[in-house]
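> How does the following fold in three dimensions:
(chains A, B, C and D)
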Protein chains: 2
Amino acid sequence: MSHIGYGCLMTVDREQVLRTAAALLSRKATATMDEVARAAGIGRATLHRHFAGRDALVRALEALGIQEFEAAIDTARFDDGTAEEALRRLIAGLEPVAGLLAFLVTENQLFEGDQMNEGWDRLDARVAALFRRGQERGEFRIDLTPVWLTEALYGLIGTCAWAVQDGRVAGKDFQYMIAELLLGGARRSVER
Amino acid sequence: MSHIGYGCLMTVDREQVLRTAAALLSRKATATMDEVARAAGIGRATLHRHFAGRDALVRALEALGIQEFEAAIDTARFDDGTAEEALRRLIAGLEPVAGLLAFLVTENQLFEGDQMNEGWDRLDARVAALFRRGQERGEFRIDLTPVWLTEALYGLIGTCAWAVQDGRVAGKDFQYMIAELLLGGARRSVER
DNA sequence: CCGATGTGAGACATCAATGTCTCATCGGGA
DNA sequence: TCCCGATGAGACATTGATGTCTCACATCGG
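Presented below is the predicted three-dimensional model:
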């Protein structure tokens, strides 16, 4: 069902609304429902028809973020080749979701309720398992815990996403900056 | 009646209120003025007498964070010894301020106004200069820009502060985890 | 052509946080 | 001792976001 018009009356594409909301909230976490609706090119009433309230919207974004994160993990094929190669593939796959993840991480309201989405635990476990595999293969150092490496990955992705948004880091360098820093660090390694 | 010292009527220690507010807001950025007041053991009216409003409070926290960050830089003696040593001293000095910095970084409202505190620029410049010095000395790699290394340092400090608060990383490992990851990365760089 | 559906705009009540005010009380200093 | 200043508690109005509702209208399918 094709369609043309911009503001004209057409069935709302729930997916598109979510992506627009993600883009907006990534930049301005305190955006109101009205701003979200405007950004998505729909009316506030319509936004409420699809998402019962702000809470439901954030939950939907959380589900979307988890889903795309999981997809990125699947695509990264953790068991193919070295752990380093898998990590680089993961970072590449996460780039399009970086802004959304940065927003969700700061939305700590998500993590204090009893109904915390268990998807995060699964993601954490899978990523930590990748780092652990790298340690067992002798690729990664063992004095940095897999849990910390996982957190650091999240942190660097969010930080870099913001830095790119603010123009402090070139967008094209996103994957390189994260992967190189996380893997090799700032110190100039000994040439060999 | 008959309470002693604590909630008793006594002149408010502005500094102590700020520190308490920083500790609370680091954990819960959306805490209300009432919650901040309760946490500081004072009445909401008194809080308003010292800080005109929530905005003024956040600005005061910003000033405090900048001041302590600057103090940490001074203490780190950037020009003494290697850049790596200076960076480790900086991380050590920033540990007590980590929570506050993590809060301020996410308070992006601070950075969108025209009246953005120029203190951040000075801090950025000083830290970036340290990384640049390390590059010029041949200690640090030159394919990671000083600006990115600076951002990454902020990000890792905030991430680690949260991870410690949530019990995912041991508090005593704070300095080590950040310094080792930032300097050496996850890869096991053995000379063989 | 006509009804069903989904939409935009806006009115409206609600709610929570904020900011301001008063007042009784306590403590320190003159 | 007595007065002044600072405080805590609470009342109050204000503000902004939210959630619900109605209504007119455009589009689609029959």
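> Any idea how many residues pack against the residue in chain A that DNA strand D sits nearest to?
Closest approach between chain A and DNA strand D, counting by C-beta to the nearest atom of the strand: residue A:53, at 2.6 Å. Just so you know, the C-beta spots here come from the backbone N, C-alpha and C atoms, and that holds for glycine as well. For residue A:53, the neighbour count with other C-beta atoms under 10 Å in any protein chain shown is 11.
> tally of neighbours for the nearest residue to it once chain neighbours are set aside?
Sequence neighbours aside, residue A:33 is the residue nearest to residue A:53 in space, at 8.0 Å (criterion: C-beta to C-beta, 6 or more residues apart in numbering or on different chains). Other residues near residue A:33 number 15, with proximity taken as other C-beta under 10 Å.
> again, but for residue A:40
Neighbours of residue A:40 (other C-beta under 10 Å): 21.
> Now that it has come up, it's in contact with residue A:15, right?
No: in this structure residue A:40 lies outside contact range of residue A:15 using C-beta atoms under 8 Å: 11.0 Å.
> Helices of chain A, start to end?
With helices called from DSSP state H, chain A shows them at A:14-27, A:33-40, A:44-50, A:54-76, A:83-94, A:98-106, A:119-136, A:146-165, A:174-184.
> where in chain A is pLDDT low?
Across chain A, the ranges flagged by pLDDT under 70 are A:1-10, A:190-192.
> Kindly recompute the last result at 80.
A:1-12, A:108-109, A:112-115, A:189-192 (pLDDT under 80).
> domain assignment for chain A?
Following automatic domain parsing, one gets these domains for chain A: A:1-51, A:57-184.
> I'd like those domains laid out as a markdown table, including distance to DNA strand C.
Converted to a markdown table, the domains of chain A look like this (distance: least, C-beta to the nearest atom of the strand, whole Å):
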| stretch | distance to DNA strand C |
| --- | --- |
| domain A:1-51 | 3 |
| domain A:57-184 | 12 |
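> Out of those domains, which is the most enclosed?
domain A:57-184 (a mean of 18; mean count of other C-beta atoms under 10 Å in any protein chain shown).
> Go ahead and flag the most central residue of chain A.
Taking C-alpha atoms, centre = their mean, the centroid of chain A lies closest to residue A:101, which sits 3.0 Å from it.
> That one contacts residue A:154, correct?
Yes: assessed by C-beta under 8 Å, residue A:101 is found in contact with residue A:154 at 7.0 Å.
> In JSON lines: the helices of chain A, plus distance to residue B:69.
JSON lines is the format used below for the helices of chain A (distance: least, C-beta to C-beta, whole Å):
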{"stretch": "helix A:14-27", "distance to residue B:69": "25"}
{"stretch": "helix A:33-40", "distance to residue B:69": "32"}
{"stretch": "helix A:44-50", "distance to residue B:69": "40"}
{"stretch": "helix A:54-76", "distance to residue B:69": "31"}
{"stretch": "helix A:83-94", "distance to residue B:69": "29"}
{"stretch": "helix A:98-106", "distance to residue B:69": "20"}
{"stretch": "helix A:119-136", "distance to residue B:69": "30"}
{"stretch": "helix A:146-165", "distance to residue B:69": "17"}
{"stretch": "helix A:174-184", "distance to residue B:69": "21"}
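> related to what we said a few turns ago, list the contacts of the residue nearest to residue A:53.
A:44, A:47, A:48, A:53, A:54, A:57 (C-beta atoms under 8 Å, 6 or more residues apart in numbering or on different chains).
> quick check, nearest of those residues to residue B:138?
residue A:57 (50.8 Å; C-beta to C-beta).
> The closest one: what's it in contact with?
Residue A:57 neighbours (C-beta under 8 Å, 6+ apart): A:21, A:33, A:36, A:47, A:51.
> Disregarding residues adjacent in the polypeptide, which is nearest to the third one?
By the measure of C-beta to C-beta, 6+ apart, the closest residue to residue A:36 outside its immediate chain neighbours is residue A:21, 4.9 Å from it.
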